[in-house]
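In: below are the sequence and a predicted model for it; my questions follow.
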Amino acid sequence: MTVADIPDQLARFGRDDEGQRRAAELLARWAAVGEPAFRRAGTLRGLAALGHVMWAAGLGSAAEAALHSPHGGVALAPVLSGAALVAAGLVLRAVLLAAADRVADDGAAAVQAHLRARLLLAALPSTGTPAAEVGDAALGEALDGEVGRLSPWLTAYVPARRAMLLGCGIILAAVLVGSWAVALMLVLATPLLPFNLKVIGLGTRAAVHAQLTAARRLSTHLLDQLRGLPTLVGLGAGEEAVRATEAADRELAGRTRTVLRVAFLSTAWIELLITVAMAVVATYCGLALLGYLDLPVVPSTMSLGTALFVLVLTPAYFAPARELARGYHARAEASAAAALIADLLDRVPAAPVGGRPALVPVARRPGLSGPAGVTLGKVGVRYPGRDHAALDDVTLTVRPGAITAVSGPSGAGKTTLLSVAAGLREPDRGWCLHTIGSTTRQASPAMTAWAGQPAYLLPGTLRDNLLLARRDADDAQLTAAFSALGFEDLLAALPRGLGTRVGERGRGLSSGQLQQLVLVRALLRDTPLLCLDEPTAHLDPDGEARVIAAIRTLASTRTVLLTTHSPALLGIADDIVRLDQGRLSRIRETR
């Protein structure tokens, strides 16, 4: 490194320190969700040192009693009492540690549930962030892998700080009773550990952050490859895709090896420090037992019972530090994971602890009757990294009970307009209001049934997917919904009726069947506004006609706002709106 490189290095260290401070603040805020549980877990683990003191005292007492027993026999009473004390200490320690582990697991589960709820809220478009801006792979990795990485930190490190103070204090007090010289040695060895833990944490955090980033990159790559597999095969690009995946996999493997190497070396260094401290204590006790010590001030003799007592307690004194070292590795991993999770959580404000997300749509119409009117005023939406606005100063009124069609070329902003009108996307500027009767409120997905493009079904049975729209519906009501839209033959054609299983994204159903099921679900949702994104796309003329007839039926009791390129679907619209490059270029009222 040259002199010219020094400013860059200092700036990098400054950024690292700032990142660490932000990660520490995030972790502290998240841990506060389960703070009472972690406090109890730390206290229980610290009190478990009492069990260690008991069995060490029992061992020393039994050994001393056996050593000083009369010639030709051993007094059983002192030995048995010592053995009983050993057993009681072991049982007490095991019970306290088991209780601490359970309490810590409960606290970790609460924190992880809280974070997963916030991550899901960040992915919901109703929070103001379009779902397309939250990568599926990044969200999945955050929900599973990165939140999961917090578990060792929550269960080990967070309680370990309290456990170390309490447990080490109890052990040190007991050792002080037995030998103040050994207690002094332990105190002198203690400051070496925090310094080394800090150095270890710096290296571990950087290595783990690189590993997690590589894992997220590989997940995103695999998901993109699987989604585009038919296209890749059709273009003959399969070999290139395989090589790219192998390169990403090798990168992740290399990052993982680096993390393991840092963890192994740092743990070995901590163990070496503890082993040296224990060796010094053992040497002193051995020399004192043999009477080889002749030093001023320092006691030169020691009984067998006392020697066993302090020797057993010496590793117990360092045990909380060893746990803290393991927890410090976990904290470094958690800090790296926090930086990645925070990128998603920053999309929405922090939810109150224990509170429910506020913008999740309800399953039924919220106590209002009649179709909804929609008013958009000077709405503007711009996506990051794009030169042109998706919507630019759009003002539109959708009449209650009307079928309004939005047409225009691909990329004109039709789907963005639909999502704003549905309350799924908050505009960057302007406003969107829903009006039912004399009641006007901010646009909300609670008032909307949405059928996007492509139509989406969850893996499970057909019944499970329909109950998402109305959880209290029975089979008779579900069947009636098919009949109301003229789709009786669809239900009859499915092998097990409502119990038919569908795969991810509706696998196993045709495009026409999938679209019809989405409309049935919209009918069950029973909201005053229905938003449909290209509802007849990829359908043959017969399927298109069936869907159009169903839309007419749905429009009898609700407002319908849809996007389409289909002349047949435009033919049933009361109003037609044309978008071009985010601007309303034409509005034609047909009826």
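Out: Cool, got the structure.
In: OK, contacts around residue 534?
Out: 453, 563-565 (Cβ atoms under 8 Å, 6 or more residues apart in numbering). C-beta here means a position set from N, CA and C on the backbone, and glycine is covered the same way.
In: now those residues: which count as buried?
Out: 453, 563-564 (16 or more other Cβ atoms under 10 Å).
In: got the domain ranges for this protein?
Out: 34-68+78-345, 373-589 (automatic domain parsing).
In: now do the contacts for residue 413.
Out: Contacts of residue 413 (Cβ under 8 Å, 6+ apart): 381, 390-391, 394, 579, 581-582.
In: which other helices and strands contact the strand or helix carrying residue 102?
Out: Element membership for residue 102, per DSSP states H and E: helix 76-123. Counting by 3 or more Cβ pairs under 8 Å, 6 or more residues apart in numbering; DSSP states H and E, the packing neighbours recorded for helix 76-123 are helix 6-31, helix 35-67, helix 147-148, helix 150-152, helix 158-178, helix 304-345.
In: mind checking how far the residue nearest to the spatial centre of the chain is from residue 67?
Out: Nearest residue to the geometric centre of the chain (Cα atoms, centre = their mean): residue 143, 3.2 Å. Residue 143 sits 61 Å away from residue 67, going by Cβ to Cβ, to the nearest Å.
In: give me the contacts around stretch 76-87.
Out: Against stretch 76-87 from outside (Cβ under 8 Å, 6+ apart): 54-55, 57-63, 65-66.
In: most neighbours out of these, which is it?
Out: residue 60 (25 neighbours; other Cβ atoms under 10 Å).
In: which residues are in contact with the nearest residue to residue 475 once chain neighbours are set aside?
Out: Sequence neighbours aside, residue 498 is the residue nearest to residue 475 in space, at 6.0 Å (criterion: Cβ to Cβ, 6 or more residues apart in numbering). Neighbour list for residue 498: 461-463, 466, 475, 478-479, 491 [criterion: Cβ under 8 Å, 6+ apart].
In: any chance of a ChimeraX selection covering the buried ones in these?
Out: Remark: buried members of these, expressed as a ChimeraX selection using 16+ other Cβ under 10 Å:
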select :461,462,463,466,478,491
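In: what's the most distant pair in the contacts of residue 498?
Out: 461 and 479 (14.2 Å; Cβ to Cβ).
In: now do the strands in the stretch 251-400 of the chain.
Out: Counting by DSSP state E, counting those that start in this stretch, the stretch 251-400 of the chain has strands at residues 373-381, 391-398.
In: quick one, the first one and strand 391-398 angle?
Out: Just to be clear, that refers to strand 373-381. 180 degrees (axes from the mean of the first three to the mean of the last three Cα atoms, to 10 degrees).
In: by mean pLDDT, flag the weakest helix or strand of this structure.
Out: One helix or strand of the chain scores below all others by mean pLDDT, DSSP states H and E: helix 6-31, with a mean of 61.
In: before we move on, back to that, tabulate the contacts of residue 413 (a markdown table), appending distance to residue 514 and pLDDT.
Out: Putting these into a markdown table (distance: Cβ to Cβ, whole Å; pLDDT from 0 to 100) gives the following:
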| residue | distance to residue 514 | pLDDT |
| --- | --- | --- |
| 381 | 28 | 88 |
| 390 | 27 | 85 |
| 391 | 29 | 88 |
| 394 | 30 | 87 |
| 579 | 26 | 88 |
| 581 | 31 | 82 |
| 582 | 30 | 81 |
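In: dump these to TSV, plus neighbour count and distance to residue 522.
Out: TSV is the format used below for the contacts of residue 413 (neighbours: other Cβ atoms under 10 Å; distance: Cβ to Cβ, whole Å):
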residue	neighbour count	distance to residue 522
381	22	24
390	27	25
391	27	24
394	26	25
579	25	23
581	15	30
582	22	27
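In: what residues does residue 165 make contact with?
Out: residue 46.
In: what ranges in the stretch 401-550 of the chain fall below the confidence cut-off?
Out: 454, 503-506 (pLDDT under 70).
In: what about the strands in the stretch 401-550 of the chain?
Out: Counting by DSSP E, counting those that start in this stretch, the strands of the stretch 401-550 of the chain are 403-407, 429-436, 439-442, 448-451, 460-461, 501-502, 529-533.
In: same for the fifth one, what does it pack against?
Out: Looking back up the chat, that one is strand 460-461. strand 501-502.
In: how about the fourth one?
Out: Strand 448-451 is packed against helix 511-525, strand 529-533, with contacts defined by 3+ Cβ pairs under 8 Å, 6+ apart.
In: so what strands line up beside that strand?
Out: Sheet pairing of strand 448-451 (DSSP bridges) gives strand 529-533 (parallel).
In: got a list of contacts for the strand it pairs with?
Out: 371-372, 374, 414-415, 418-419, 421-422, 434, 447-453, 522, 551, 554-555, 558-563.
In: list only buried entries from these.
Out: By 16+ other Cβ under 10 Å, those give 371-372, 374, 414-415, 418-419, 421-422, 434, 447-453, 522, 551, 554-555, 558-563 as buried.
In: which ones among these map onto helices?
Out: 414-415, 418-419, 421-422, 522, 551, 554 (DSSP state H).
In: so what's residue 497 up against?
Out: 462, 491 are the contacts of residue 497 under Cβ under 8 Å, 6+ apart.
In: from residue 466, how far off is it?
Out: Applying Cβ to Cβ to residue 497 and residue 466 gives a distance of 11 Å.
In: what's the answer for residue 120, then?
Out: Distance from residue 120 to residue 466, by Cβ to Cβ: 22 Å.
In: got it, and residue 554?
Out: 15 Å.
In: cool, and residue 141?
Out: If you go by Cβ to Cβ, the gap between residue 141 and residue 466 works out to 31 Å.
In: what packs against the top helix by length along the chain?
Out: Taking DSSP H as the criterion, the chain has its longest helix at helix 238-290. If you count contacts as 3+ Cβ pairs under 8 Å, 6+ apart, helix 238-290 packs onto helix 180-189, helix 192-227, helix 304-345.
In: recalculate using a threshold of 10 Å.
Out: Contact here means 3 or more Cβ pairs under 10 Å, 6 or more residues apart in numbering; DSSP states H and E; on that basis helix 238-290 packs against helix 180-189, helix 192-227, helix 229-235, helix 304-345.
In: just to check, residue 63 is in contact with residue 303?
Out: Yes: the criterion here is Cβ atoms under 10 Å, and residue 63 meets it with residue 303 at 9.4 Å.
In: which residues do the two both contact?
Out: residue 309 (Cβ atoms under 10 Å, 6 or more residues apart in numbering).
In: turn the helices and strands packed on helix 76-123 into TSV, including distance to residue 106.
Out: Formatted as TSV, the helices and strands packed on helix 76-123 follow (distance: least, Cβ to Cβ, whole Å):
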stretch	distance to residue 106
helix 6-31	14
helix 35-67	5
helix 147-148	16
helix 150-152	12
helix 158-178	12
helix 304-345	18
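In: TSV please, covering the strands of the stretch 401-550 of the chain and showing distance to residue 207.
Out: TSV is the format used below for the strands of the stretch 401-550 of the chain (distance: least, Cβ to Cβ, whole Å):
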stretch	distance to residue 207
strand 403-407	50
strand 429-436	43
strand 439-442	46
strand 448-451	43
strand 460-461	40
strand 501-502	43
strand 529-533	44
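In: residues touching the residue nearest to residue 335 when sequence neighbours are not counted, list them.
Out: Nearest residue to residue 335, sequence neighbours excluded (Cβ to Cβ, 6+ apart): residue 23, at 3.9 Å. Listed by Cβ under 10 Å, 6+ apart, the contact set of residue 23 reads 205, 209, 331-332, 334-339, 342.
In: appreciated, that's everything.
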